[in-house]
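J.: dropping the sequence and predicted coords here.
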Amino acid sequence: MAEFNPKYPLLWHKGDVYLKIFCSIPQLATGILLKVKETPFVIDPGDGILRDLSSEIGQNGILKIEHIFVTHGHHDHIGGLWALLTYLNVMRKKGTVSIYFPKGCVEIHSIYKAFFEVYSNELSYEIKLVEIKNETKINASEIEILPFKMKHKEKINGLISEVPSLGFKFFCGDVSIFYSGDTAYIEKFEPLVEGSDLAILEAAAGKNENSEMHMTFNEATRLGKKAKEFFIVHTQLEH
Ligand SMILES: [Zn+2]
């Protein structure tokens with residue numbers, strides 16, 4: 001299985017579009033920076049995102065953040081959100097930060113509520129919650145984003161339930177990037193991945209077949225080959 005474990009960070013660029021996956025490890029953290037010209041977009045602000053953004057784009061770059069995309073509310077995808085939002089306030093960011101997340105994602109609502117309770121009387125910027133209910137394109141600064149519903153589940157006390165989750169396809173001029181978030185394989189991915197300049201695909205199910213929560217290496221790799229380039233991420237660490 002070791003050959004599937006990528007060595008983070010993963011870097012990719014094409015024209016004005018630059019992407020860095022700081023890390024994407026199940027149960028630990030996922031954090032991705034997309035930069036189009038000088039505009040930064042954060043995708044899945046997992047634990048460590050503030051530290052990683054700080055060394056990558058510094059304070060000035062972080063203060064330019066206006067859009068944060070969240071695939072789902074599991075801790076390994078949002079664990080760094082509080083730190084990032086607080087840092088923006090401490091550094092007196094102006095303007096708005098929009099957080100895009102799937103409808104029904106209770107974690108984002110809870111973080112926002114607690115954050116607002118603590119900082120509302122000294123907030124230097126506005127936080128806009130954008131709860132995504134359908135698969136319609138969104139405009140964010142100079143890019144367009146198509147969100148789509150994924151198939152992700154969790155098991156609590158033996159009970160399996162559906163997790164509100166999204167994948168995103170980013171259109172940055174003529175460069176397109178597909179990001180699966182956490183999901184089991186669904187057929188509808190094929191046309192979305194087809195022809196993308198980059199596909200970022202999770203394969204947390206590894207060699208297990210028929211996972212209802214994640215994709216297998218085979219599924220992710222087969223899908224990835226439909227894009228011009230691809231990264232397999234979110235694979236289980238071997239110990
Ligand atoms: Zn998850």
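T.: All right, it came through fine. Numbering: from 1, shown residues only.
J.: which residues touch K188?
T.: When contacts are counted by CB atoms under 8 Å, 6 or more residues apart in numbering, K188 touches F148. (Each C-beta comes from the backbone N, C-alpha and C, glycine too.)
J.: my error: substitute P45 in the last question.
T.: By CB under 8 Å, 6+ apart, the contact list for P45 reads G31, I68, V70, H77, I78, G79, G80, L81, L84.
J.: assign it to helix, strand or coil.
T.: coil (DSSP: H, G, I helix; E, B strand; the rest coil).
J.: phi and psi next, for it.
T.: Phi and psi for P45, reported as degrees, to the nearest 10, are phi -80, psi 70.
J.: okay, buried residues for the helix or strand harbouring L88 please.
T.: Counting by DSSP states H and E, the element that carries L88 is helix 81-90. Within helix 81-90, the residues that qualify as buried are L81, L84, L85, Y87, L88, N89, counting by 16 or more other CB atoms under 10 Å.
J.: can the worst-scoring helix or strand of the chain on mean pLDDT be found next to the ion?
T.: Across the helices and strands of the chain, mean confidence by mean pLDDT, DSSP states H and E is lowest for strand 152-156: a mean of 84. No: Strand 152-156 lies out of reach of the ion by CB under 5 Å from the ion, never closer than 5.6 Å.
J.: relative to that strand, what are the paired strands and their orientations?
T.: strand 159-163 (antiparallel) (DSSP bridges).
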